[in-house]
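Novice: need coordinates for the following:
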Amino acid sequence: MIWRWFWREWRSPSLLIVWLALTLAVACVLALGSISDRMEKGLSQQSRDFMAGDRTLRSSAPAPEAWLNKARDEGLSVSRQLSFMTMTFADQTPQLADVKAVDDAYPMFGTLQTDPPGLKPQAGTVLAAPRLLALLNLKVGDNVDVGDTTLRIAGEVIQEPDGGFNPFQTAPRLLMNLADVDKTGAIQPGSRLSWRYKFSGDPAPLARYDSWIQPQLKAGERWISVENSEDALGRSMQRAQQFLLLSALLTLMLAIAAVAVAMSHYCRSRYDLVAVLKTLGATRNALQRLIIGQWLAVLLLAAVAGSVLGQGIEVILLAMLKPVLPAALPAASFWPWLWAIGAMFVISLLVGLRPYRLLMATQPLRVLRRDAVANVWPLRIYLPAMALVVVGLLALLMGGSKMLWALLAGVVMLALLLSLLGWGTLLLLRKLLVRNLAMRLAINRLLRQPVMTLSQLAAFSLSFMLLALLLVMRGDLLDRWQQQLPPDAPNYFLLNMTQEQVPQVREFLNQHHVKPESYYPIVRARLTELNGKEADPKMDNALNRELNLTWQSERPDHNPLLAGTWPPKAGEVSMEVELADRLGLKIGDTLTFSGDTQQFSAKVTSLRKVDWESLRPNFFFIFPPGALDQQPQT
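Specialist: Numbering: from 1, shown residues only. The predicted model follows:
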């Protein structure tokens with residue numbers, strides 16, 4: 001009986017529209033969810049490769065063994081690194097090298113590219129950067145003196161997974177085993193060391209260790225994950241997650257609006273049928289079985305058809321996004337399927353409960369009077385209650401982020417504005433002379449049901465707005481990813497010139513028709529005081545290390561001025577705006593730096609926006625010419 005009823009209703013356009021709306025909801029949520037899941041897995045895998053671990057503990061002193069033992073007790077793997085600068089020698093030729101000493105577990109993730117391939121720094125051997133070999137006139141197989149010990153060069157290090165990009169790395173890399181560090185004698189009191197500990201493991205123990213170690217951190221110690229990383233990878237990861245989060249949110253809201261309109265229309269079109277069946281003696285239980293059975297059948301078919309369609313949409317979207325996606329993405333998990341089917345059931349229950357309740361409450365009197373409509377669950381109560389439930393579920397799903405509340409506020413304001421605009425248009429049309437009788441009757445009918453009309457206008461306007469927003473976001477995402485690396489980004493960086501060498505370099509480049517960008521003098525110093533008070537290194541990582549300072553008379557074109565005046569004068573400095581926000585600084589504040597020779601102070605007179613992913617030389621601080629003449633510079 002249920003299937004005969006369903007087949008009869010299936011041939012009507014109204015139920016077909018409901019099925020189509022639910023199918024599209026499942027397909028969109030499944031396709032977007034699968035791509036989101038695969039992208040998140042791919043980005044997570046790449047982040048592990050680029051960090052050579054899931055987490056990094058960076059410290060200027062050895063970490064307590066209790067911390068490492070705690071990590072092992074949680075089931076995490078631990079790898080140690082130690083970085084320092086020291087002199088290397090080949091015969092009588094000296095060369096400063098940036099040494100990274102690692103243990104046998106390095107790298108935990110990613111690939112250490114060497115020549116010959118597959119090498120790791122073993123005890124008694126080192127891997128040297130090609131630039132270091134050229135400076136020392138050595139080749140693979142030769143010996144190099146590192147401090148008090150002599151080590152054999154086993155090969156060249158081409159690329160480290162956690163090497164990152166640092167155009168200001170002044171010394172070439174030397175990769176050695178931690179077991180050889182003590183033999184070098186390079187670690188002395190006052191040596192400037194950087195310890196890094198890599199951790200890897202399952203998400204649950206990592207989360208527990210995150211919560212445990214963060215309160216233990218002291219000045220000079222930093223716990224790094226992809227989410228709180230300040231490099232380009234971390235920012236790209238955060239942007240991608242925000243886009244995917246917003247896309248999923250828009251898709252769910254669009255599905256709610258579409259299904260609400262379709263179900264309401266179908267149920268209203270079946271009032272007469274239910275009234276006739278009740279007149280002929282159909283009981284309430286029999287009607288409930290028929291309607292609920294039909295509902296479940298529609299949901300089942302929508303789930304099957306939506307799953308097939310969603311897979312097709314996913315293939316199309318992946319083809320469209322192929323230029324900006326990695327060559328291979330991991331397979332999606334079962335969660336997108338669960339979200340898609342679950343979203344379909346929740347949406348149909350939320351928006352279909354009242355229309356079906358009105359359908360069940362249809363009175364037999366409607367056979368004689370078409371205006372006899374049951375008055376159950378008034379819209380003025382049902383709509384706010386449903387909105388609260390939807391917002392609560394979205395907040396639970398999205399974590400209550402600011403982006404969610406901003407989007408919801410914008411959606412509500414725009415829906416109200418457009419619905420009121422539509423209502424005003426109807427009022428205007430009623431006052432105008434409309435010659436078409438059908439049009440005049442339709443306008444009068446809409447005006448007789450203001451709550452229903454406004455809700456439908458809001459739903460339609462919301463649907464079009466969300467669809468347009470998704471299309472705009474897609475284009476913006478592609479443009480953002482494609483423009484992330486400017487076409488005129490530098491290919492090479494020339495470092496460590498003296499002021500006397502600049503004219504020679506400029507002439508050499510002109511002879512070879514190479515147009516260089518600006519020449520930036522570099523001074524290394526630490527930011528030690530903010531407005532006369534000692535700076536707390538816990539405030540920001542920039543306070544834990546030496547910064548590259550420069551001076552320029554012309555503002556760099558890729559550094560737009562957000563506040564203050566340019567150029568800075570004597571005793572003044574221009575500051576990057578994000579660092580100023582993190583440190584709670586503003587124009588007029590005074591900063592004190594400690595250089596190699598003396599302390600010096602400057603007042604912040606302008607704030608600049610810096611794009612750290614542009615592959616151009618960028619600086620936290622830019623001074624006026626002559627301000628840093630007393631400091632060692634290149």
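
Novice: got a list of what Val276 touches?
Specialist: Val367 (CB atoms under 8 Å, 6 or more residues apart in numbering). For the C-beta atoms, the positions are set from N, CA and C on the backbone; glycine is no exception.

Novice: off-centre distance for stretch 552-572?
Specialist: Relative to the mean C-alpha coordinate of its chain, stretch 552-572 is positioned 30 Å out (CA atoms, centre = their mean, to the nearest Å).

Novice: buried ones in it, by neighbour count?
Specialist: Buried positions in stretch 552-572, judged by neighbour count with 16 or more other CB atoms under 10 Å: 552, 555-556, 559, 564, 567-568, 572.

Novice: by pLDDT, rank those and give me the bottom one.
Specialist: Of all the buried residues of stretch 552-572, Pro556 has the smallest pLDDT value, namely 83.

Novice: tell me the first helix or strand C-terminal of the biggest strand by length in the chain.
Specialist: Among the segments of the chain that qualify as a strand by DSSP state E, the longest is strand 77-90. Using DSSP states H and E, the helix or strand that follows strand 77-90 towards the C-terminus is strand 93-102.

Novice: which elements pack onto whichever helix or strand comes after that following strand?
Specialist: Downstream of strand 93-102, the first helix or strand assigned by DSSP H and E is strand 113-115. Contacts defined by 3 or more CB pairs under 8 Å, 6 or more residues apart in numbering; DSSP states H and E place strand 113-115 against strand 149-159.

Novice: in its sheet, what does the very next helix or strand once past the strand it packs on sit against?
Specialist: Per DSSP H and E, strand 149-159 leads on to strand 173-177 as the next helix or strand towards the C-terminus. Partner strands and pairing direction for strand 173-177 (DSSP bridges) are strand 93-102 (parallel), strand 125-128 (antiparallel).

Novice: what are the contacting residues of the one helix or strand Val181 maps to?
Specialist: Val181 is part of helix 181-184, with elements assigned from DSSP H and E. Residues outside helix 181-184 that contact it (CB under 8 Å, 6+ apart) are 82, 86, 101, 146-149, 187.

Novice: so of these, which two are at opposite extremes in space?
Specialist: Pairwise distances across the contacts of helix 181-184 (CB to CB) peak at 16.7 Å, for the pair Leu82 and Asp148.

Novice: ok, the two, which is more surrounded?
Specialist: Of the pair Leu82 and Asp148, Leu82 is the one with more neighbours under other CB atoms under 10 Å, namely 18 against 10.

Novice: quick check: chain neighbours aside, which residue is closest to that one?
Specialist: Among residues not flanking Leu82 along the chain, Ala101 sits closest, at 4.5 Å (CB to CB, 6 or more residues apart in numbering).

Novice: that neighbour reaches Gln81, doesn't it?
Specialist: Yes - the pair Ala101 / Gln81 is scored as a contact, 6.8 Å apart, by CB atoms under 8 Å.

Novice: can you check which residues contact both of those two?
Specialist: Counting by CB under 8 Å, 6+ apart, the contacts common to Ala101 and Gln81 are Leu178.

Novice: neighbouring strands - and their directions - for the longest strand of the chain?
Specialist: Counting by DSSP bridges, the strands paired with strand 77-90 are strand 93-102 (antiparallel), strand 143-146 (antiparallel), strand 194-200 (antiparallel).

Novice: tell me what the helix or strand containing Ser307 is packed against?
Specialist: Following DSSP H and E, one finds Ser307 within helix 284-320. In terms of contacts (3+ CB pairs under 8 Å, 6+ apart), helix 284-320 is packed against helix 2-10, helix 13-51, helix 271-279, helix 335-360.

Novice: out of the ones you listed, the one nearest Tyr209 is which?
Specialist: Checking the helices and strands packed on helix 284-320 against Tyr209 by CB to CB gives helix 13-51 as the closest, at 15.4 Å.

Novice: now the closest one: buried residues?
Specialist: When neighbours are counted by 16+ other CB under 10 Å, the buried residues of helix 13-51 are found to be 15, 17-40, 42-43, 46-51.

Novice: show me the contacts for Met360.
Specialist: 274, 284, 287-288, 291.

Novice: what is the least confident helix or strand in the protein?
Specialist: helix 450-482 (a mean of 61; mean pLDDT, DSSP states H and E).

Novice: was I right about Ala302 contacting Thr23?
Specialist: Yes - taking contacts as CB under 8 Å, Ala302 lies within contact range of Thr23: 4.7 Å.

Novice: need the contacts of Met360 in a markdown table (columns: neighbour count, distance to Ala415 and pLDDT).
Specialist: Conversion of those to a markdown table gives the following (neighbours: other CB atoms under 10 Å; distance: CB to CB, whole Å; pLDDT from 0 to 100):
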| residue | neighbour count | distance to Ala415 | pLDDT |
| --- | --- | --- | --- |
| Val274 | 22 | 31 | 78 |
| Arg284 | 10 | 36 | 77 |
| Leu287 | 16 | 34 | 78 |
| Gln288 | 12 | 33 | 77 |
| Ile291 | 19 | 30 | 77 |
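
Novice: quick check: closest non-adjacent residue to Leu151.
Specialist: Nearest to Leu151 is Val126, by CB to CB, 6+ apart, at 4.7 Å.

Novice: roughly how far apart are the residue nearest to Pro560 when sequence neighbours are not counted and Pro556?
Specialist: Residue nearest to Pro560 in three dimensions, not counting chain neighbours: Lys609, with 5.0 Å by CB to CB, 6+ apart. Using CB to CB, to the nearest Å, Lys609 is found at 11 Å from Pro556.

Novice: look up the closest residue to Arg208, ignoring the ones flanking it.
Specialist: In this structure, Arg208 finds its nearest non-sequential neighbour in Glu74, 6.1 Å apart by CB to CB, 6+ apart.

Novice: now do the contacts for the one you found.
Specialist: 201, 205, 208-209.

Novice: point out where the stretch 251-400 of the chain drops to low pLDDT.
Specialist: When residues are selected by pLDDT under 70, those of the stretch 251-400 of the chain lie in 251, 254, 321-328, 370-374, 379, 397-400.

Novice: what sits opposite Phe593 in the beta ladder?
Specialist: So, taking DSSP bridges as the rule, Phe593 has Leu527, Phe600 as bridge partners.

Novice: near the nearest residue to Leu96 once chain neighbours are set aside, how many other residues are there?
Specialist: Distances taken as CB to CB, 6+ apart place Ala171 nearest to Leu96, at 4.6 Å, with adjacent residues excluded. Taking other CB under 10 Å as the criterion, the count of residues near Ala171 is 19.

Novice: how much space between Ala171 and Ala128?
Specialist: As judged by CB to CB, Ala171 and Ala128 stand 12 Å apart.

Novice: can you check which residues contact both of those two?
Specialist: Residues touching both Ala171 and Ala128 by CB under 8 Å, 6+ apart: Ala97.

Novice: what about the stretch 501-634 of the chain, any weak spots by pLDDT?
Specialist: 517, 538, 596-597, 613-615.

Novice: looking at the strands paired with strand 77-90, which is closest to Arg524?
Specialist: Among those, if distance is taken as CB to CB, the winner is strand 93-102, at 13.9 Å.

Novice: just the angle between that closest one and strand 149-159, please?
Specialist: Here the directions of strand 93-102 and strand 149-159 differ by 70 degrees (axes from the mean of the first three to the mean of the last three CA atoms, to 10 degrees).

Novice: extract the C-alpha set from strand 93-102 and format it as CSV.
Specialist: The C-alpha trace of strand 93-102 is given here as CSV (Å, rounded to 0.1, in the frame of the first residue of the first chain):
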residue,chain,number,x,y,z
THR,A,93,90.8,27.7,4.5
PRO,A,94,88.1,28.7,7.1
GLN,A,95,84.4,29.0,6.5
LEU,A,96,81.5,29.7,8.8
ALA,A,97,78.9,26.9,8.6
ASP,A,98,75.3,26.6,9.9
VAL,A,99,75.4,23.2,11.6
LYS,A,100,72.4,21.1,12.3
ALA,A,101,73.0,18.0,14.3
VAL,A,102,70.3,15.4,14.2
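
Novice: report the rounded mean pLDDT for that strand.
Specialist: On average, strand 93-102 scores 88.

Novice: give the buried residues for it.
Specialist: Buried-residue list, strand 93-102, by 16+ other CB under 10 Å: 95, 97-102.
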